[in-house]
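Engineer: attaching a predicted model along with its sequence, questions to come.
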Amino acid sequence: AQSVTQLDSQVPVFEEAPVELRCNYSSSVSVYLFWYVQYPNQGLQLLLKYLSGSTLVKGINGFEAEFNKSQTSFHLRKPSVHISDTAEYFCAVSDRGYGNKLVFGAGTILRVKS
Amino acid sequence: KAGVTQTPRYLIKTRGQQVTLSCSPISGHRSVSWYQQTPGQGLQFLFEYFSETQRNKGNFPGRFSGRQFSNSRSEMNVSTLELGDSALYLCASTPDRRAGNTIYFGEGSWLTVV
């Protein structure tokens, strides 16, 4: 079974400051890792994903994440946030192989203040 | 290219009734998945359909069912509605069942059970 833990339920940060949203996962098999963003009253949008290769993954809107196998972590970072980054962010895992089932963390609400 | 389209966007039902939600995947996508999002339980996988067959199922009671049509459009049905079924129901699509695909989500159907 897989599980995802997002260590912070809310992260307040000032505009133009850096931010890190933390994600740890547990799985008995190799997984793929994803970060999704959800703006109010909208569906989920993929920010980035790790499938293989370089452990540093760059995504949309200036976000990046680093896969750390030994620590089973996949933290999301942005060097300078904007007001428009205010949203809820979800870390997710899926099995490798076939199937599109995602197991999500509980989400982290990023609040960017001016 | 149109995204994943879900109808209706908002609906209110009474306990004991049933509801059917509809999803049109992105053109050319053949795998459709459904998720339930609630404040208490977060995002949970309901089921995945591919080639009109259910390929994977989450841990939900039998009151939750779905189907997929030959044009890949999908519907999910919840019978004998309970207050706890109030949630945002998200449909997602991918081209096929290979893991690691980018999973595209619709904006969801907001179900309120009173």
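Structural biologist: Here it is on my side, so go on.
Engineer: quick one: contacts for the most centrally placed residue in chain A?
Structural biologist: Nearest to the geometric centre of chain A sits A:Trp35, at 3.4 Å (CA atoms, centre = their mean). When contacts are counted by CB atoms under 8 Å, 6 or more residues apart in numbering or on different chains, A:Trp35 touches A:21, A:23, A:46-49, A:59, A:63, A:65, A:74, A:76, A:89-92. Every residue, glycine included, has its C-beta placed from N, CA and C.
Engineer: for chain B, what lies in contact range of chain A?
Structural biologist: Within chain B, the positions near chain A by CB under 8 Å from any CB of the partner chain are B:4, B:31, B:33, B:35, B:42-45, B:48, B:55-56, B:58, B:90, B:92, B:94, B:97-108.
Engineer: who in chain A is up against chain B?
Structural biologist: Counting by CB under 8 Å from any CB, chain A sits next to chain B at A:32, A:34, A:36, A:41-46, A:49, A:51, A:90, A:92, A:94-107.
Engineer: can you turn the buried part of those into a ChimeraX selection?
Structural biologist: In ChimeraX, this line selects whichever of the residues of chain A next to chain B come out buried by 16 or more other CB atoms under 10 Å in any protein chain shown:
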select /A:32,34,36,43,44,46,49,90,92,94,95,99,100,101,102,103,104,105,106,107
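Engineer: taking the residues of chain A next to chain B one by one, which sit in strands?
Structural biologist: Counted as lying in strands by DSSP state E, out of the residues of chain A next to chain B, are A:32, A:34, A:36, A:44-46, A:49, A:90, A:92, A:94-95, A:103-104.
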